[in-house]
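# Following is a predicted model, sequence given first.
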Amino acid sequence: MAYQTDIRESTRIGFARGETEGRGRVLFAAREPGRLLVVTDATPAHPVSFRWPDQPSDMGTLSWAGASQKISEALTGLANSETGELHIAEDAKALGRVGPEWVSIVVHVLDGGAANVPAPGTEVDIAIDADHRGKLNAAHTAAHLAAFGLNRALAPFWTKEGATIDSLGAPDFDKEAIVSSQLSPEGATDTYRLGKSLRKKGFDHEAAAGGLPAITDAVNATLATWLAQPADVTLEPAESLLDTRRVWRCLLDGRPAEIFCAGTHVANLSSIAAANVTIAQTEDGLRMKTIVRTAAAAGLPPSARPRW
């Protein structure tokens with residue numbers, strides 16, 4: 001379903017700066033069966049992507065004119081900057097490859113019990129569930145650390161220089177082989193396919209599969225080392241639109257690690273008390289599960305807990 005709107009620009013987002021509260025001006029609102037859709041010019045809410053839906057959306061509340069309504073989820077939409085035509089979630093995905101006239105939009109989904117609909121131009125306050133966000137921050141950051149650790153552990157299994165190299169200097173198995181990633185407040189699950197293209201680039205499938213226990217131990221040892229040396233984590237540029245391509249950066253072993261990422265993260269590795277992976281063989285590849293324990297869950301006193 002397409003909506004006709006006055007939207008012409010991508011949403012200004014605050015989550016890259018770690019914001020969980022913000023204010024926006026309503027650009028569009030509409031009722032659907034059982035829910036209310038609201039688009040604002042700016043928001044701290046992180047939406048689930050229809051292209052790579054690894055991180056679940058934020059939840060929270062949206063308040064205006066004495067009313068307060070639960071944000072059950074935040075979705076990604078595409079709006080045509082020339083016509084204002086808006087498509088949301090799967091309808092946006094169905095558009096396929098689109099031109100530069102299409103801009104990315106955060107769509108807040110409110111529970112259907114709202115007594116009224118905020119009119120365009122209404123100023124609204126948006127508050128995100130900080131505890132839920134914080135757990136997803138830790139899971140997403142740990143997933144990146146695990147990916148870099150996996151790349152390092154699998155480096156000996158490349159027989160020729162056919163793969164992309166990650167920012168720490170190891171063949172980028174994660175980039176070459178990943179087919180899906182799913183985050184939750186407890187951690188992450190990353191699935192990799194060991195196909196013919198990977199073999200042609202020089203990856204020894206059989207040797208790696210036979211060495212999974214040692215590989216798993218190596219990744220966990222690397223994670224423990226990195227988490228024992230707290231370092232700042234940044235998303236750049238922090239001031240950005242939903243459309244902006246952002247880079248995750250962190251100093252690991254004294255070297256800058258970086259990867260393109262559209263999600264949310266902890267501000268410092270000290271927010272993660274521990275991370276542990278298990279790696280198993282699947283029918284056509286590998287599956288790595290990362291379990292995360294946050295500093296708060298580990299029982300650190302409030303004064304010792306870093307801010308998300």
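Thanks, I have the structure now.

# Quick one: residues contacting residue 223.
If you count contacts by C-beta atoms under 8 Å, 6 or more residues apart in numbering, residue 223 has them with 142, 145, 146, 149, 275, 276, 277. Just so you know, the C-beta spots here come from the backbone N, C-alpha and C atoms, and that holds for glycine as well.

# Let me fix that, I meant to ask about residue 1.
Taking C-beta under 8 Å, 6+ apart as the criterion, residue 1 is in contact with 87, 88, 91.

# Swap in 6 Å and give it another go.
By C-beta atoms under 6 Å, 6 or more residues apart in numbering, the residues touching residue 1 are residue 91.

# gap between it and residue 65?
27 Å (C-beta to C-beta, to the nearest Å).

# Strand partners (parallel or antiparallel) of the helix or strand residue 87 falls within?
Assigned by DSSP states H and E, residue 87 belongs to strand 85-88. The pairing partners recorded for strand 85-88 under DSSP bridges are strand 2-4 (antiparallel), strand 67-80 (antiparallel).

# Pick the most deeply packed of those strands.
By mean neighbour count, with neighbours taken as mean count of other C-beta atoms under 10 Å, strand 67-80 ranks first of the strands paired with strand 85-88 at a mean of 20.

# now what about that one, what contacts it?
With contact meaning C-beta under 6 Å, 6+ apart, strand 67-80 is reached by 7, 45, 47, 49-50, 57-62, 86-89, 92, 101-103, 105-111, 114.

# Same check on stretch 44-58?
Outside stretch 44-58, the residues that touch it by C-beta under 6 Å, 6+ apart are 14-15, 19-20, 22, 73-76, 89, 92-93, 106, 126, 128, 133, 181-183, 263-264.

# next one: that stretch to chain centre, how far?
The chain centroid and the centroid of stretch 44-58 are separated by 6 Å under C-alpha atoms, centre = their mean, to the nearest Å.

# buried ones in that stretch?
44-50, 53-58 (16 or more other C-beta atoms under 10 Å).

# Relative to residue 174, which of those residues is nearest.
Within the buried residues of stretch 44-58, distances to residue 174 taken as C-beta to C-beta reach their minimum at residue 54, with 12.6 Å.

# Grab the nearest non-local neighbour of that closest one.
Counting by C-beta to C-beta, 6 or more residues apart in numbering, the nearest residue to residue 54 once its immediate chain neighbours are dropped is residue 181, at 4.1 Å.

# Next: residue 176.
The nearest residue in space to residue 176 (C-beta to C-beta, 6+ apart) is residue 163, at 5.4 Å.

# just the strands in the stretch 151-300 of the chain please.
If you assign secondary structure with DSSP state E, counting those that start in this stretch, the strands in the stretch 151-300 of the chain sit at 178-184, 187-193, 233-236, 240-241, 247-252, 255-260, 272-281, 285-294.

# Tabulate those strands (CSV), appending mean neighbour count, mean pLDDT and distance to residue 29.
Shown next, in CSV, are these (neighbours: other C-beta atoms under 10 Å; pLDDT from 0 to 100; distance: least, C-beta to C-beta, whole Å):
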stretch, mean neighbour count, mean pLDDT, distance to residue 29
strand 178-184, 17, 97, 29
strand 187-193, 21, 98, 34
strand 233-236, 19, 96, 29
strand 240-241, 17, 96, 21
strand 247-252, 18, 98, 33
strand 255-260, 14, 97, 32
strand 272-281, 18, 97, 38
strand 285-294, 20, 97, 35
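
# Out of the ones you listed, the one nearest residue 32 is which?
strand 240-241 (25.4 Å).

# Give me the residues contacting that closest one.
10, 12, 16.

# mind listing what it pairs with, with the direction of each?
When pairs are called by DSSP bridges, strand 240-241 turns out to pair with strand 12-13 (antiparallel).

# Going toward the C-terminus from the partner strand, what's the next helix or strand?
Using DSSP H and E, the helix or strand that directly follows strand 12-13 along the chain is strand 21-32.

# Can you list the helices and strands that that next one packs against?
Here strand 21-32 is seen to pack against strand 35-40, strand 42-43, strand 123-128 when contacts are counted using 3 or more C-beta pairs under 6 Å, 6 or more residues apart in numbering; DSSP states H and E.
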